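Trainee: 3D model of this:
(chains A and B)
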Amino acid sequence: MKPPLLDIQDLKLGFKGWTGYIEVLHGISLSIGPGERVALVGESGSGKSVTARIVLGLLQSLRSSRIGGKLLFDGIDLEALSEAERHRLRGTRMSMIFQDPTSSLNPVYRIGTQFIEVLRRAAPGLPRQAALDRAAEILAEVAIAEPQRVLQSYPFQLSGGMNQRVMIAMALANEPDLLIADEPGTALDVTVQAQTLDLMRRLVDQHNTAVLFISHNLGVVREFADRVYVIYKGRIVEHGPTQALFDDPRHAYTRALMAAAPRLTGGGIPDIVEDSQAYLAPMQDHTTGEARP
Amino acid sequence: MKRTLAILLANPLSLLGVVLVALVVLSAIFADVIAPFPEHRGAVVDFANFNKPPQWPYIMGTDLVGRDIFSRILYAYRISLVLGVVVLAIAVPIGVAIGLVAGYVGGWTEYALMRITDIFLSIPPLVLAMSIMGVLEPTLTNGMLAVTAMWWPWYARLVYNITRAEREEGYVLAAEVIGASPTHVMFREILPNCVPAIVTKMTLDLGFVILIASSLSFLGLGVQPPTPDLGSMVADGAKYLPDSWWLTVFPGLAILVAVFGFNLIGDALRDILGADQ
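Mentor: Coordinates of the predicted model:
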């Protein structure tokens, strides 16, 4: 097996506040191979998004945060990098897509202007026209029929689905090795969400981009990911290839999570046990077949 | 921009504002051409025609040394406008920069900058300006300095509040994620979103700066004679009310016209640009 592109080992995160130290990630380990699509699933507040932000190096600069463990990106220890070196990775080798595409674009600039900035991250001093041509090319790739019109538009003039495509195009513009998608399209309606997910899957396949897909939507995860990590209260509780995990959920929390999805066929809103001791049971790993404390 | 102008001219109130401001600005620019007695802006004495009520050729009467009040008002506008523009040109960038940095960087920087701002805001503006003028010599330059010192905190507060709200927006995070530097995020991403509020406040403030500068010179702390100033003209004439009413009423009306005009435009801009912070 090839060495992983992103390797997180025993990552701990805590915040020091007025009331003392609060640990929110209790040592999570996670790895993503080159070109692999990995999902991180869990409920709100389980630590999905902070994990993503640590990988991008956005929490390290926060004075109150304490981070432990190892983060390897393509064999480089991210914690050993200086702020400037970490900064260089962002937007070029790593990129991110957010929940709400419309608010992720600055309302005062045209899409074209924002696109140029993204492209200049990787190629400083790229001439304006060349950048716009390249942007139009990439927009055509995300199935936008009139790239010129979109480049001329402000974000609020476009629909949410259109903005999501623009965001995907921008995120992939510099051919990053790793794309972090933090609940992409949660703010969009389901049909648009499905279209853009399909598009995103095609593109990352084409460009061989690894994806860390953060979501609470199991249906989406099942269709999109190769492998799944389930996270609960700052711990990974189950890990395995998507098929195996969905066919045979072994951890009590994973089962509860699956039961929680309302079904189209009716049956009311499922009953969920809020806080079960069973949720804190040791991790179930389908790849090694053993339970790890 | 074109749209903004069209809306400004369509509403009768804001149209009135535009007309008044245009009147003020044009009379300041063309004071030399319009004024019937341009030499009366200086120390001219004409005892033959002193303290005359409005009559031809003195349409607003003459003051106690025989100078034409209308001519002096035109030149006073010139000084008021220069003062207003210079004060805002210095105070706004300072206030905006402090507000942006405090709102975006946070932590101790925020505490330090915003508490200093609060200290300035807690001193009544006129008292602050008076104490500065009391220490320094009362000249036009020092007058501008004093008004500037009391003006920037309002912009710091305004921009700080907007920045605090905007930094939580998705596009700021998105910019940080693709590797934008803090300077880029502050000045290229957040600042453009503050511009409508800043422009609106500046338009409203031009009138108030003129008013404050006039108050200072009314108290004898601003522009010094013989340079014409609306505030000191009102002050000089006040002793002779109600008999020589033209000494105070016309300069007073001149202040009213300028402040009223800028306020009307400012209000209209606030509605158009939706800057209700």
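Trainee: contacts, neighbours, all on C-alpha from now
Mentor: Fine.
Trainee: need the contact list for residue B:217.
Mentor: Going by Cα atoms under 8 Å, 6 or more residues apart in numbering or on different chains, residue B:217 touches B:223, B:224, B:229, B:231, B:232.
Trainee: and the gap between the fourth one and residue A:193?
Mentor: As defined by Cα to Cα, to the nearest Å, residue B:231 lies at a distance of 65 Å from residue A:193.
Trainee: okay, these two: which has more neighbours?
Mentor: Ranked by neighbour count (other Cα atoms under 10 Å in any protein chain shown), residue B:231 and residue A:193 place residue B:231 first, with 27 against 19.
Trainee: Let me see the mean pLDDT of stretch B:63-81.
Mentor: Averaged across stretch B:63-81, the pLDDT comes to 86.
Trainee: What residues sit buried inside that stretch?
Mentor: For stretch B:63-81, the neighbour count (16 or more other Cα atoms under 10 Å in any protein chain shown) marks B:63-64, B:66-81 as buried.
Trainee: Spatially central residue in chain A, please.
Mentor: Nearest to the mean C-alpha position of chain A, by Cα atoms, centre = their mean, lies residue A:181 at 2.7 Å.
Trainee: Note down every partner strand of the strand or helix carrying that one and its orientation.
Mentor: In this structure, residue A:181 sits in strand A:178-182 according to DSSP states H and E. Strand A:178-182 sits in its sheet next to strand A:94-97 (parallel), strand A:210-215 (parallel), going by DSSP bridges.
Trainee: Compare the mean pLDDT across these and name the weakest.
Mentor: strand A:94-97 (a mean of 88).
Trainee: contacting residues around the helix or strand that it is followed by?
Mentor: Proceeding C-terminally, strand A:94-97 gives way to helix A:111-122 as the next helix or strand, assigned by DSSP H and E. With Cα under 8 Å, 6+ apart as the test, helix A:111-122 has contacts from A:91-92, A:105-106, A:126, A:128, A:131-132, A:135, A:150-155, A:170, A:173-174, B:178-179.
Trainee: buried stuff in stretch B:166-177?
Mentor: B:166, B:167, B:169, B:170, B:171, B:172, B:173, B:174, B:175, B:176, B:177.
Trainee: quick one: the longest helix along chain B near chain A?
Mentor: The helix spanning the most residues in chain B, taking DSSP state H as the definition, is helix B:69-105. No - if you take Cα under 8 Å from any Cα of the partner chain as the test, helix B:69-105 misses chain A, and the best it gets is 10.5 Å.
Trainee: by contact count, what packs against that helix?
Mentor: helix B:12-29, helix B:31-34, helix B:107-122, helix B:140-166, helix B:191-218, helix B:230-238, helix B:246-273 (3 or more Cα pairs under 8 Å, 6 or more residues apart in numbering or on different chains; DSSP states H and E).
Trainee: now these in TSV, with mean pLDDT?
Mentor: Output for those, formatted as TSV (pLDDT from 0 to 100):
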stretch	mean pLDDT
helix B:12-29	89
helix B:31-34	82
helix B:107-122	91
helix B:140-166	89
helix B:191-218	86
helix B:230-238	83
helix B:246-273	87
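Trainee: would you turn the ones you listed into JSON lines with distance to residue A:280?
Mentor: Below are the helices and strands packed on helix B:69-105 laid out as JSON lines (distance: least, Cα to Cα, whole Å):
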{"stretch": "helix B:12-29", "distance to residue A:280": "66"}
{"stretch": "helix B:31-34", "distance to residue A:280": "83"}
{"stretch": "helix B:107-122", "distance to residue A:280": "36"}
{"stretch": "helix B:140-166", "distance to residue A:280": "37"}
{"stretch": "helix B:191-218", "distance to residue A:280": "46"}
{"stretch": "helix B:230-238", "distance to residue A:280": "76"}
{"stretch": "helix B:246-273", "distance to residue A:280": "53"}
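Trainee: The strand holding residue A:181 - what's its average pLDDT?
Mentor: The pLDDT scores in strand A:178-182 average 90.
Trainee: quick one: that strand to chain centroid distance?
Mentor: From the chain centre to the centre of strand A:178-182 is a distance of 3 Å (Cα atoms, centre = their mean, to the nearest Å).
Trainee: Where does the stretch 151-293 of chain A get nearest to chain B, residue-wise?
Mentor: In the stretch 151-293 of chain A, no residue comes nearer to chain B than residue A:171, which is 8.3 Å away by Cα to the nearest Cα.
Trainee: Hmm, that residue is touching residue A:101, no?
Mentor: No - look at residue A:171 against residue A:101 with Cα atoms under 8 Å: they stay out of range, at 11.5 Å.
Trainee: Would you map the helices across chain A?
Mentor: Going by DSSP H, chain A shows helices at A:48-56, A:83-89, A:111-122, A:128-141, A:147-152, A:160-173, A:190-207, A:218-224, A:242-247, A:252-260.
Trainee: I appreciate the help and will end here.
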